[in-house]
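**Student:** attaching a predicted model along with its sequence, questions to come.
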Amino acid sequence: MYIKSVVDGELRQAEIISDLTQHEYDSSSGQVTSTEIPFGILLAQDCDLLRDFEAMSAEKPPVLNGALIYELKIATDAKAQLHGVSWQPLAQNNNERFHFFQMVPADSDLLGLGLPELVLDFRRYFTLPPFEIFRQTTQGAKRRCRLNSPYREQLQNRAGFYIQRVALP
């Protein structure tokens, strides 16, 4: 289900990265707020990430101005915080708002530690430019692993389904 990340290669679709920092700029006050993201999963397309990496390597302008990242919460923490959400359907990926990730074995984690069960809430996402993700991975953030096919495609499909939903009156 999981493959180890590669330290020096391009970022990959469905790659889990730990210890990212999201910076938010308030234009009215000029203040920057930083939020630590213990686990995030990158959901930009592989082809776009590769083209951006090649442009960056050739010192050309970036292809992407941002890559979509979803926050991941440790499942036990998510379970304690989610009120009114039935856990069993969530843990079986039968709740369209959430995606449940089985634990990552140590041999599939680049750090060799493994990861606990994680939960993605499709309402919790942000973007970072790929060059910023690379910068952060040289200063504390860690590339860990990525989903293997067909799990990667299933997750991308579920994310697309959720983000394109239409509100009904």
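**Tutor:** Good, I have the coordinates. Numbers count the residues shown, from 1 in each chain.
**Student:** the closest residue to residue 46 other than its chain neighbours and residue 21, how far apart?
**Tutor:** Using Cβ to Cβ, 6 or more residues apart in numbering and skipping residues adjacent in sequence, the residue nearest residue 46 is residue 13, 4.5 Å away. Backbone N, C-alpha and C define where each C-beta goes, glycine included. For residue 13, the distance to residue 21 (Cβ to Cβ, to the nearest Å) stands at 21 Å.
**Student:** returning to what we had before: what's the burial count for the residue nearest to residue 46?
**Tutor:** By the measure other Cβ atoms under 10 Å, the count of residues near residue 13 is 23.
**Student:** can you confirm it is in a strand?
**Tutor:** No - counting by DSSP: H, G, I helix; E, B strand; the rest coil, residue 13 falls outside a strand, being coil.
**Student:** ok, residues contacting the helix or strand that contains residue 136?
**Tutor:** Here residue 136 sits within helix 130-137, counting by DSSP states H and E. Helix 130-137 has contacts (Cβ atoms under 8 Å, 6 or more residues apart in numbering) with 7, 11, 17, 19-21, 42, 44, 49, 52-53, 56, 62, 64, 67, 69, 128, 141, 143.
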